[in-house]
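**Q** Predicted structure and sequence below. I'll ask about it afterward.
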Amino acid sequence: MKNKIQFLNLGKHPITNNFLNKKNPKNEYFYNLKLIFHKSSKLVSLAKFVPPKKMFNEKYAHRASASKTMSLAYLNLAESIKTRFKPKSILEIGSNDGVFIKHFKKIKNLGVEPCKNLAKITNKVGIKTYDEFWTNKTAKKIVRQNGKIDVIYSANTISHIHNLNETFKAINYTLSDNGVFILEDPSLVEVLKNKSYDQFYDEHSYVFSISALKNITKGTGLIIFDIEKLKTHGGSNRVYFKKISNKKIRISKVVSENLIKETKLGINNIKIYNKFSKEVRNSKKRLIKIFKNLKKNKEKIIGYGATYKSSTVLNFCNLDNKYIDYFLDTTPTKIGKFTPGTHIPILKYKKIPDDINYAFLGAWNFKDEIFKKEKQYIKRGGKFISHVPSPKII
Ligand code: TYD
């Protein structure tokens, strides 16, 4: 029987990170975004991966420190790691602009960041950052130069790496005997619940369930011993691993509780993905209807937060500049550019102008932060359009 089952075809998509300098560039790169379920490992992944160098390069636009919510979450996590594990050394895989790793100045703190523009930022402030992809070779170099590492942390990065077996084995190799690996990535359960199909794009090669993580780390030397549920990125898992050889390991009961819950939900069976596929196709129809109705009434619509996620929604639903006048965004590297594939201008964030009554919530994962910030807009009757969990005007 076939091991890989395709359950959703989201059509042609550009590189989400490829914010354009020109409205209609020549030769924009597109790939087919299709989703598959792996029957044996229970992994959910893109059917075909995009070459990493096309996505992670010196033009990489995302700045992890752009959000107050995330900056605070990283600070709190850093404090909790210091108290719980008392590490003498820490390494972050995918250190971005240093928003997390900068909190560990008193111990050996290292970063791995293949986007050279970002690695430069952290190297400049004295955080030794390896500007390369996380591979066996990099792991060996790091251990050779720094010894084994007590805590390895990686948020929203492991799901971007294609070769998971090498990735986890290299982490196991790099960890000290009592070391801890902490992985943080969007939760597949939450994606299915929220129908947030926009968690799938070129970079997100995988969206993990705990069941799949358990299966794919078998044989890598690592074992899950704790899990925390997070609100970030629309619902994420923070998963704690130790070496299976560690005699002192204590496995929290939340691990089996999560596995049981996922099985009961049907996460390990293709049926739930076929249902999700149907829901996503309905979501598309309903979102397009909302935009078309507003346009019929000559409403101006803007976008709020030119997220990578929104690229999936806009390209899947064919919502281009005819529907959305422009996006407002706070990220300097996106401002003045155009959204990939749909070519909508991105303007520097400012107060939402008075002639705008509808804003598509590209950054729905920061809904609370944004609604707090836009109190005035909401007070004057301004509305947001969100496709999560189902398309509606809020
Ligand atoms: P992010 O959450 O990283 O989502 P993705 O990984 O899908 O890109 O991106 C959030 C984007 O939203 C980022 O470009 C900054 C922008 N943003 C604003 O413009 N204003 C805000 O108040 C917030 C919270 C985010």
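**A** Yep, it's here. Residues are numbered from 1 along each chain as shown.

**Q** Quick check, pLDDT for the residue nearest in space to the middle of the chain.
**A** By CA atoms, centre = their mean, the chain has its centre lying nearest to Asn156, at 4.8 Å. Listed pLDDT for Asn156 reads 96.

**Q** Pull up the residues of this protein that are close to the ligand.
**A** Contacts of the chain with the ligand, taken as CB under 6 Å from any ligand atom, map to 62, 66-67, 305-309, 329-331, 334, 349, 363, 365-366, 369-370, 373. In this view, the C-beta of every residue, glycine as well, is placed from N, C-alpha and C.

**Q** Quick one, which of those residues are buried?
**A** In the residues of the chain next to the ligand, burial by neighbour count holds for 62, 66-67, 305-309, 329, 331, 334, 363, 365-366, 370, counting by 16 or more other CB atoms under 10 Å.

**Q** Let's see which of these end up in helices.
**A** Tyr308, Lys309, Ile370 (DSSP state H).

**Q** Distance to Val207 added to those, as a markdown table?
**A** What follows is those, written out as a markdown table (distance: CB to CB, whole Å):
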| residue | distance to Val207 |
| --- | --- |
| Tyr308 | 14 |
| Lys309 | 12 |
| Ile370 | 23 |
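
**Q** how about the least confident helix or strand in the chain by mean pLDDT: buried residues?
**A** Ranked by mean pLDDT, DSSP states H and E, the weakest helix or strand in the chain is helix 52-55, scoring a mean of 90. For helix 52-55, burial by neighbour count (16+ other CB under 10 Å) applies to Pro52, Met55.

**Q** For that helix, list the C-alpha coordinates in PDB.
**A** Listed next in PDB are the C-alpha coordinates belonging to helix 52-55 (Å, rounded to 0.1, in the frame of the first residue of the first chain):
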ATOM      1  CA  PRO A  52      16.600  25.600   0.900                       C
ATOM      2  CA  LYS A  53      18.900  28.200  -0.700                       C
ATOM      3  CA  LYS A  54      15.800  29.700  -2.500                       C
ATOM      4  CA  MET A  55      14.200  30.400   0.900                       C
END
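
**Q** mind checking how far it is from the chain centre?
**A** Using CA atoms, centre = their mean, to the nearest Å, the mean C-alpha position of helix 52-55 is found 16 Å from that of the whole chain.

**Q** what about the residue of the stretch 151-300 of the chain found nearest the ligand, distance to Thr69?
**A** Taking CB to the nearest ligand atom as the measure, the point where the stretch 151-300 of the chain comes nearest the ligand is His233, at 6.6 Å. Using CB to CB, to the nearest Å, His233 is found at 10 Å from Thr69.

**Q** neighbour count winner among these two?
**A** His233 (21 against 14; other CB atoms under 10 Å).

**Q** shouldn't Ile227 be in contact with Ile251?
**A** No: look at Ile227 against Ile251 with CB atoms under 8 Å: they stay out of range, at 10.4 Å.

**Q** neighbour-wise, which of these two wins?
**A** Ile227 (18 against 13).

**Q** now the more buried one, what's its secondary structure?
**A** What DSSP: H, G, I helix; E, B strand; the rest coil gives for Ile227 is strand.

**Q** Okay, and Leu33 sits in which element?
**A** strand 30-38 (DSSP states H and E).

**Q** how far is that strand from where the chain is centred?
**A** 16 Å.

**Q** Pull up the pairing partners for the following helix or strand past that strand, direction included.
**A** Using DSSP H and E, the next helix or strand after strand 30-38 towards the C-terminus is strand 44-46. Paired neighbours of strand 44-46 in the sheet (DSSP bridges): strand 30-38 (antiparallel), strand 206-207 (antiparallel).

**Q** I'd like the average pLDDT over the last one.
**A** Strand 206-207 shows a mean pLDDT of 98.
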